[in-house]
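**Student:** Just the structure for this:
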Amino acid sequence: MHILIARNAALSGQNGTFGELFIDGKSFCFTCEQPWNNNTANKSCIPVGEYQLLPYDSPAHGHTVVFHNPQLNIYGTPAMIPAGKQGRSLCEIHNANWPFQVQGCVAVGKEITDIVPNGRGVTSSVVTFAALIKKWGDRSNLTATIK
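**Tutor:** Numbering: from 1, shown residues only. I've put the predicted structure just below:
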């Protein structure tokens, strides 16, 4: 299964990065990330590129996946970062409604809209994330593109 996250520059800015998530070419949901902040851990959206999505059982978010591309200094888990190198890890896909609720991860939701009291975000995130978990099944052979 291949996931494409197509970011929408018109909706993105200093308050967040928003896009649409496609599974094998079909629109599935929308995404919400922090704004670009020079790839700073826990404070930046994930860099544009190609990734492996690795199964990860998150203490906070359950059965999810993490992005992995060593060439972009994005590693699935801290243990995967080679000795002497720096990089980000644990960039997950999970549920959240607003960019400030994700720490370098991708949140999924039904639509992008202004949500009181915090502004632009994604709706129905818990339900959308549950549907995504069902869709990717055992989480094997997953890849992703962010553009």
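**Student:** Let me see the contact set for the closest residue to W98 other than its chain neighbours.
**Tutor:** In this structure, W98 finds its nearest non-sequential neighbour in G121, 4.0 Å apart by C-beta to C-beta, 6 or more residues apart in numbering. Every C-beta, even on glycine, is put in place using the N, C-alpha and C of the backbone. Listed by C-beta atoms under 8 Å, 6 or more residues apart in numbering, the contact partners of G121 are 16, 32, 97-99, 109, 112-115.
**Student:** which element is G121 on?
**Tutor:** Element membership for G121 (DSSP states H and E) is strand 119-122.
**Student:** going on from that strand, what's the next piece of helix or strand?
**Tutor:** Once the chain leaves strand 119-122, the next helix or strand it forms, by DSSP H and E, is helix 125-136.
**Student:** what angle separates the next helix or strand after that following helix from helix 125-136?
**Tutor:** Proceeding N to C from helix 125-136, the next assigned helix or strand is strand 142-146, under DSSP H and E. Interaxial angle, strand 142-146 versus helix 125-136 (axes from the mean of the first three to the mean of the last three C-alpha atoms, to 10 degrees): 130 degrees.
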